[in-house]
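In: quick one, fold the following:
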Amino acid sequence: MIEASDMFAVLAHVDYPVREWPAAAGPYDPGAFEEEYREVLRALAGTSRALEVNTTVPLHPRIVRWWHEAGGDAIAFGSDAHDPGALARGFSDVAAMVEAHGFRPSRDPHDIWAPAREPHPVTGQGNRSEPIIGSSLVPDLGPGALACEGTGTGSRQRHVVVW
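Out: So this is what the prediction gives:
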């Protein structure tokens, strides 16, 4: 499904079950679903898309490590903020965790992050011949909104990141 779709540029909420995990089941352990996560992350890594790390309900660090091991080449951040005061809440902690697992910011830390082992995919430098995602300000969304558009397999995609 991931490989066949060009409807998205960023996979968000790959860990959605953690949000509704029943308390009676004990703490959510992504290791219990490691093979399932790794299968999805391998498929995603083969498409040059980004994995979102949420600042409100951050991905477990093991999932970020598995993403890096799968060859994932981009991290995007989201906060799911429903009011301006919650924008980017927890960003510095999540950014530090992502850096600890091998990803680094581009020239603009609000842009998509790439693995430290190779140049950033958005710049078009390094192992990619042309950019797959470009960033542009979206005036109708107001200041602090950034839309990332990609061409994927020929059709345009948009992911809005608000910080």
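In: may I have the helix ranked longest in the chain as CSV, with CA atoms only?
Out: Criterion DSSP state H: the longest helix present in the chain is helix 34-45. Extracted in CSV, the C-alpha atoms of helix 34-45 (Å, rounded to 0.1, in the frame of the first residue of the first chain):
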residue,chain,number,x,y,z
GLU,A,34,8.7,-4.8,16.2
GLU,A,35,8.3,-6.9,13.1
GLU,A,36,5.2,-5.0,12.1
TYR,A,37,6.8,-1.6,12.6
ARG,A,38,10.0,-2.7,10.8
GLU,A,39,7.9,-4.0,7.8
VAL,A,40,6.1,-0.6,7.5
LEU,A,41,9.4,1.4,8.0
ARG,A,42,11.2,-0.7,5.3
ALA,A,43,8.4,-0.1,2.9
LEU,A,44,8.4,3.6,3.7
ALA,A,45,12.2,3.9,3.4
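In: what sits up against that helix?
Out: 2-3, 11, 14, 30, 51, 62-63, 66-67, 70-73 (CB atoms under 8 Å, 6 or more residues apart in numbering). Just so you know, the C-beta spots here come from the backbone N, C-alpha and C atoms, and that holds for glycine as well.
In: all strands for the chain, in order.
Out: 10-11, 50-54, 75-78, 103-104, 114-115, 133-137, 145-150, 157-162 (DSSP state E).
In: what's the second one in contact with?
Out: So that's strand 50-54. 9-14, 41, 44, 59, 64, 67, 72, 74-80, 94, 97-98, 112, 133, 159.
In: same thing but at 6 Å, please
Out: With contact meaning CB atoms under 6 Å, 6 or more residues apart in numbering, strand 50-54 is reached by 10-12, 59, 67, 72, 74-78, 94, 98, 112.
In: where does the prediction get shaky in the chain?
Out: Scanning the chain with the threshold set as pLDDT under 70 gives 1, 109-110, 117-163.
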